[in-house]
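> Below: sequence and its predicted model.
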Amino acid sequence: MPAPSPDGDGTLPFTTDEMMTVAAARALGDGRSCFVGIGLPSTAANLARATHAPSLVLVYESGTIGAKPNRLPLSIGDGELAETADAVVSVPEIFNYWLQGGRIDVGMLGAAQIDRYGNLNTTVIGDYDSPAVRLPGSGGAPEIGGSCRSVMVVLRQSTRTFVPSLDFVSTVGFGSGPGDRQRLGLTGAGPTLVVTDLGTLRPDPVTCELVLTSVHPGVTVEDARDACGWALAVSPSLGTTPAPTAQELAVLRTLVGSQDDGVRSVAPPR
Amino acid sequence: MPAPSPDGDGTLPFTTDEMMTVAAARALGDGRSCFVGIGLPSTAANLARATHAPSLVLVYESGTIGAKPNRLPLSIGDGELAETADAVVSVPEIFNYWLQGGRIDVGMLGAAQIDRYGNLNTTVIGDYDSPAVRLPGSGGAPEIGGSCRSVMVVLRQSTRTFVPSLDFVSTVGFGSGPGDRQRLGLTGAGPTLVVTDLGTLRPDPVTCELVLTSVHPGVTVEDARDACGWALAVSPSLGTTPAPTAQELAVLRTLVGSQDDGVRSVAPPR
Amino acid sequence: MSTTALRPLADAVSELVSDGDCVSLEGFTHLIPFAAAHEVIRQGRRDLTLVRLTPDLVYDQLIGAGCARRLVFSWAGNPGVGSLHRFRDAVEHGWPAPLELEEHSHAGLTNAYVAGASGLPFAVLRGYAGTGLDGRTGTAVATVTCPFTGERLTAVRAVRPDVAVIHAQHADRSGNVALWGITGVQKEAVLAARRSLVTVEEVVDELRPGPGAVVLPSWVVSAVSLVPGGCHPSYAAGYSERDNQFYERWDAISRSRERFTAWIDEHVLAMAPS
Amino acid sequence: MSTTALRPLADAVSELVSDGDCVSLEGFTHLIPFAAAHEVIRQGRRDLTLVRLTPDLVYDQLIGAGCARRLVFSWAGNPGVGSLHRFRDAVEHGWPAPLELEEHSHAGLTNAYVAGASGLPFAVLRGYAGTGLDGRTGTAVATVTCPFTGERLTAVRAVRPDVAVIHAQHADRSGNVALWGITGVQKEAVLAARRSLVTVEEVVDELRPGPGAVVLPSWVVSAVSLVPGGCHPSYAAGYSERDNQFYERWDAISRSRERFTAWIDEHVLAMAPS
């Protein structure tokens, strides 16, 4: 692992996945509750907790509320989550009382495909009955997307992932546009932020269509447009994401290393 | 407390309430599960557990499953129940998973009034809106009466309690007769046994009307008829309840004494 | 989400409970929040809708003191002793004020809390069928047809109190709460309510929840107040037994309006806030 | 009600699991009953309907071994690693046999278990709305209208497996069971099922359930078998960590039909019953 230079001047070497994870982590506010799955969302949430958001409450669908893992969990059933949690409840309780009860601020979701309205596919590529690729399926995502106060989607951007039309709707974002969430009885605000390896997108407040609101360092608007399967709208106030700081990179790399080798060395600063 | 003579020859002095409690206890089979409230049902169930039914599983609506109290509990929230139980669950769980789930063999209920079809009133004497006596109400009884595999009712018999028409239906027995339980969606068999201070009654298998099936020692059929507000049917095979044995009385009196003075001396023989 | 601060009971009650509120004080014969109820009486709250499975002495006191306009309940007795005389006097004679009743079974009212905690407008159960309760629940009970089997089942409307009040054994300094023993419907009551107050026996440096403990993180609790003995005369597992003599004495105290009023004057109104 | 006797795993599986049964092996990434699944494979069961939130490696093995006709599930991946290749091969190419899918969300299938455990024909939730799952759940999802608010909600049909199989840490000699850590939907699966089998790490003289433990009394369990390590390679809190290298190796083992078949031959079929 390369040691980053100590000054966070935006010229540090970092990968696009690291930029994506850091950008997702920064969007998680301190003291909020966050419903996280394993993988990049869990990495981002733990990075946030280890940096600017020490009071972020991590809720995993396995029933661990307020988990404070000292290493990245290998799965949502990792004993590390149960042992460090404020409370461990059953799976029915986590979905009914905590998620559906409207108590979670941010739900973090990944996907294999996303469309312009932030709808997500995690089920199948191709036809459902004779699929090209059978993916794992919905898991907790439909109701995380429905009931969390807001949703953050994290995925790599390409024409394979940013598609004009999903092969399967696993999780509803804004459906086919304004008013659909209300018509469907979805209580949360939906995907208010999408973080990719190229930049960040937010829904237009009127049309609900995703709009590119920032690009990561070194990424152009053309890069982002080329990696999108529909005519990507760009915000008039497009910004550039600040590069990862040395501290962010150091903590992130230690976190990721902790998963590989089981080291328990990432105590959060609290 | 008078010490009973050691031979159980039917001539021991005992009260009518003691006879009633002993008769109720005897009807509880070993190894079965029993949903009990505080008062006479709890006394009878603990008497059964301390005598012929050491493996009787006592379930209280406070969520204690398999409670093995060493003294009679003062209320269903008595710590003694939680401390001696196999499992303590929430009130939603006890009603939904255990009672409504159809897992309880016998529900024990008391009442202020009963009618010929075993329907029970624990709510009000007189008119609901301007009552002569406002009673505590339904509590767990409607669903105990509905979902337990069978129900045992225990109450003192008089023309005030055995009435032609209830002032209020708190718990359905057989409704207005055959087929009503099925029509109402009540899954259990209903009140298959009523134990009073005068004798025992069981429903006629065809009409569902309660029939006097035994009288306690010293009680006549006329006594039972006089203490009933409707024309009481009598079984052609009417029997006499065996008197309490010396052992039954001794255990019962120790149990009741344990409630008064808090003595913890009634360990069951297991 | 807000982080709970420990605060004096009088402040917490003043902030959280207003005239006309729907208030649920829960604790299934165990951990009954008497001290908080006494503070509600001292602050002179009126026109409350009181929700509770087992009104017990705690609501007998609130009803007799004139705080309640409406009672939502399923079993109103003095457990193991007999009647609740203040409840009966209000129902039978309208003293000190008429009391509207919304009457349920335990299973029904429990599921109404579950629906409230779950963010659902109603819950489904097998219950009430054939009983006289059908007409006595206001508009809170209806039927619903299973879309798969066609079976008719009972629907009970969700309870969403303005405030839930419970008593627990422990809180930590961040306001996380743990209670254990018989835990009843306290979790559901707190999660169903818009605001919540927890009185606790003890504040500890670290929660160490034991078997069967319910833990409520600080961000679902509005306020925590340290009130040792705050559930007397009921039980607090690990702290105190039920004061059964008080439950028995209450029968005589509460039989007469005069004796009750004198008791409230002396033991509640004249007392300093906890 | 029957009192459970401890019995050998092979006997218990033989008695409880038949061809064509609906079988639920539960354990939410923790305490997954692998040893019992291997016994099902050894006994050559066929045409099973397999129900499970997270099929995981355990159903990849049962599907690849030809035991399953139908899968009821909500997330079919190798957690933290990638795809379930035997599941995918069955779905994408019908090997070794076509696999019918009934596909849910976690919240939906969880509530289907809750309804089953509660003796109800269905459960209500906010879920599935607007997703493609609507047409993929067979007849298991419908809508229901709130009789109080008129709101349309989702109804999910109860799951009532013929057999539920779980792994737990402890049983006592009477067959009472305790499990702890992440307890998932195991209680609901056992209570929803007609019959149940629990494999355990250890038989103890007395259950001493710790914080958060689920206790299942012997009279709701059909059989208990002592199988230390019976959930390897998944976790057993207090006993073993997840064998993550096995989860990673499974990716390569399961990619090829030949290598999978050789693995099953060597590590399952050639093994003596536990």
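Perfect, thanks for sending it. Numbering: from 1, shown residues only, chains lettered A, B, ... in the order given.

> Which residues are in contact with the closest residue to residue A:79 other than its chain neighbours?
Closest residue in space to residue A:79, ignoring its immediate chain neighbours: residue D:237 at 5.0 Å, by CB to CB, 6 or more residues apart in numbering or on different chains. (Glycine included, C-beta is placed from N, CA and C.) Neighbour list for residue D:237: A:79, A:82, D:30, D:31, D:169, D:180, D:181, D:182 [criterion: CB atoms under 8 Å, 6 or more residues apart in numbering or on different chains].

> Next, give phi and psi for the third one.
The reference is to residue D:30. The phi and psi torsions at residue D:30 (degrees, to the nearest 10) take the values phi -130, psi 140.

> which residues does it contact?
By CB under 8 Å, 6+ apart, residue D:30 lies in contact with A:62, A:77, A:79, D:181, D:182, D:184, D:231, D:234, D:235, D:236, D:237.

> Now do residue C:5, the pLDDT please.
The model reports residue C:5 with a pLDDT of 69.

> Tell me where the stretch 101-250 of chain C has helices.
With DSSP state H, counting those that start in this stretch as the criterion, the stretch 101-250 of chain C has helices at C:106-117, C:186-192, C:244-255.

> and the first one, C-alpha only, in PDB?
Output in PDB follows, covering the C-alpha atoms of helix C:106-117 (Å, rounded to 0.1, in the frame of the first residue of the first chain):
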ATOM      1  CA  HIS C 106     -54.900  -7.100  26.000                       C
ATOM      2  CA  ALA C 107     -54.100  -8.800  22.600                       C
ATOM      3  CA  GLY C 108     -55.900  -6.000  20.700                       C
ATOM      4  CA  LEU C 109     -54.400  -3.000  22.500                       C
ATOM      5  CA  THR C 110     -51.000  -4.700  22.400                       C
ATOM      6  CA  ASN C 111     -51.200  -5.000  18.600                       C
ATOM      7  CA  ALA C 112     -52.400  -1.400  18.400                       C
ATOM      8  CA  TYR C 113     -49.000  -0.400  20.000                       C
ATOM      9  CA  VAL C 114     -47.200  -2.800  17.600                       C
ATOM     10  CA  ALA C 115     -48.800  -1.100  14.600                       C
ATOM     11  CA  GLY C 116     -47.900   2.300  16.000                       C
ATOM     12  CA  ALA C 117     -44.300   1.200  16.600                       C
END
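
> That one near chain B at all?
Yes. Judged by CB under 8 Å from any CB of the partner chain, helix C:106-117 comes into contact with chain B at C:106, C:107, C:110, C:111, C:113, C:114.

> All the strands of the stretch 1-150 of chain C, residue numbers only.
C:22-25, C:48-52, C:68-73, C:77-78, C:82-83, C:100-103, C:122-125, C:141-145 (DSSP state E, counting those that start in this stretch).

> Do I have it right that residue A:221 meets residue A:215?
Yes. Using CB atoms under 8 Å, residue A:221 is in contact with residue A:215, at 6.5 Å.

> quick one, which of those two is more surrounded?
residue A:215 (21 against 14; other CB atoms under 10 Å in any protein chain shown).

> Tell me, how many residues neighbour residue A:129?
Number of residues near residue A:129 (other CB under 10 Å) recorded here: 9.

> Check the gap between it and chain D for me.
Taking CB to the nearest CB, to the nearest Å as the measure, residue A:129 falls 9 Å from chain D.

> Just the pLDDT at residue 246, thanks.
In the absence of a named chain, this looks at chain A. Predicted confidence (pLDDT) for residue A:246: 96.

> looking at chain C here, not the other one
On pLDDT, residue C:246 comes in at 97.

> what's around it, how many residues?
Residue C:246 has 13 neighbours, counted by other CB under 10 Å.

> how much space between the closest residue to it other than its chain neighbours and residue C:247?
Closest residue to residue C:246 apart from its sequence neighbours, by CB to CB, 6+ apart: residue C:233 at 3.9 Å. Distance check for residue C:233 against residue C:247: by CB to CB, to the nearest Å, it reads 6 Å.

> Need the residues touching each of those two.
Listed as contacting both residue C:233 and residue C:247 by CB under 8 Å, 6+ apart are residue C:57.

> Which of the contacts of residue D:237 has the largest number of neighbours?
Highest neighbour count within the contacts of residue D:237: residue D:182, with 30 neighbours (other CB under 10 Å).

> Help me confirm that that residue comes into contact with residue D:32.
No. Counting by CB under 8 Å, residue D:182 sits too far from residue D:32 to count as a contact (11.2 Å).

> At the contact with chain C, which residues of the stretch 151-270 of chain A appear?
Residues of the stretch 151-270 of chain A lying near chain C by CB under 8 Å from any CB: residue A:187.

> can you give me the strands for the stretch 151-270 of chain A?
Under DSSP E, counting those that start in this stretch, the stretch 151-270 of chain A gives strands at A:191-195, A:199-203, A:210-215, A:233-240.

> neighbouring strands for the third one, and are they parallel or not?
Applying DSSP bridges to the sheet, strand A:210-215 is found paired with strand A:199-203 (antiparallel), strand A:233-240 (parallel).

> CA atoms only for that strand, dumped as CSV, please.
C-alpha atoms of strand A:210-215 as CSV (Å, rounded to 0.1, in the frame of the first residue of the first chain):
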residue,chain,number,x,y,z
LEU,A,210,-30.7,12.8,-11.6
VAL,A,211,-28.4,15.8,-12.4
LEU,A,212,-24.6,15.7,-12.2
THR,A,213,-23.7,18.1,-9.4
SER,A,214,-20.0,17.5,-9.0
VAL,A,215,-17.1,15.7,-10.7
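
> Identify all contacting residues around that strand.
With contact meaning CB under 8 Å, 6+ apart, strand A:210-215 is reached by A:114, A:116-118, A:191, A:194, A:198-204, A:221, A:223-224, A:232-235, A:237-241.

> That one vs strand A:191-195, what angle?
Here the directions of strand A:210-215 and strand A:191-195 differ by 40 degrees (axes from the mean of the first three to the mean of the last three CA atoms, to 10 degrees).

> which parts of strand A:210-215 are buried?
Buried residues in strand A:210-215, counted by 16 or more other CB atoms under 10 Å in any protein chain shown: A:210, A:211, A:212, A:213, A:214, A:215.
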